[in-house]
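# Fold the following for me, if possible:
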Amino acid sequence: FEIKEFMLNENTSMIFIFSANFLNIKDSNIKIINIKKDIEKYLKEYRITIFKSFPCLITAVQLLLLILFGLKNGFKIFIPPLFGMLAATGLVCLIKGGLNLFSVISLFLVLGFTIDYAIFKSSGIKSNDDAILVSAVTTAFSFMLLSFTSFKLLNSIALILFFGIIVAYLYSNLIFTKDK
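The predicted model follows:
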């Protein structure tokens, strides 16, 4: 076959091919774009970049908690979300063999969801306990159901959030019930 068979006209400068393994093109005027390979490359780069930005986010949140709640409570409030993120990362790596871009982004959501539980638990108001329990259970249950989907993007997000929320809630109960 000739490469011209794939061209729209003589002015075509790019050809999009989904599987270009069989082609041996020597023409320097033609650029082959392997869509699958390029998307995988960009998603990997974004995953690594976002994962590297995590220490900055964690530091910023920790500093904010220290300013708002003081040294002792600031650290105590941050421990459950941190353990939730670490446990979720470890469990998903064990189950799925690694993290993808959406799993890493979901860690930000774990932090956002679970820091509220720790803040409310730290207040020591007994009436908050039932509301926090219902909130954590319904949120975790929703993500658990979502984790059964065959769509990998939703499955990754749901697993991280499910494990992160459960671990952070249990750990916040452990930390803040000791103080009462």
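# Can you find which helix in this protein contains the most residues?
helix 35-96 (DSSP state H).
# That one packs against which elements?
With contacts taken as 3 or more C-beta pairs under 8 Å, 6 or more residues apart in numbering; DSSP states H and E, helix 35-96 sits against helix 101-122, helix 152-178. Where you see a C-beta, it was placed from the backbone N, CA and C, and this is true even at glycine.
# where are the low-confidence patches of the protein?
1-34, 178-180 (pLDDT under 70).
# which residues touch the residue positioned nearest the centre of it?
Geometric centre of the chain, nearest residue: S106, 2.4 Å, by C-alpha atoms, centre = their mean. Shown in contact with S106 (C-beta atoms under 8 Å, 6 or more residues apart in numbering): 88, 156-157, 160-161, 164.
# Now I125. Its backbone dihedrals?
With angles defined as degrees, to the nearest 10, I125 sits at phi -80, psi 120.
# S150 looks like it's in a strand, true?
No: counting by DSSP: H, G, I helix; E, B strand; the rest coil, one finds S150 to be coil, located in no strand.
# neighbours around it, how many?
For S150, the tally of surrounding residues (other C-beta atoms under 10 Å) stands at 6.
# ditto for A118
Using other C-beta under 10 Å, A118 has 26 other residues around it.
# you'd agree it is up against S172?
Yes: in this structure A118 lies within contact range of S172 using C-beta atoms under 8 Å: 4.6 Å.
# Name the residues contacting each of the two.
P80.
# tell me the contacts of the nearest residue to L91 once chain neighbours are set aside?
For L91, ignoring the flanking residues on the chain, the nearest one in space by C-beta to C-beta, 6 or more residues apart in numbering is F163 at 4.8 Å. Neighbouring residues of F163 by C-beta under 8 Å, 6+ apart: 84, 87-88, 91-92.
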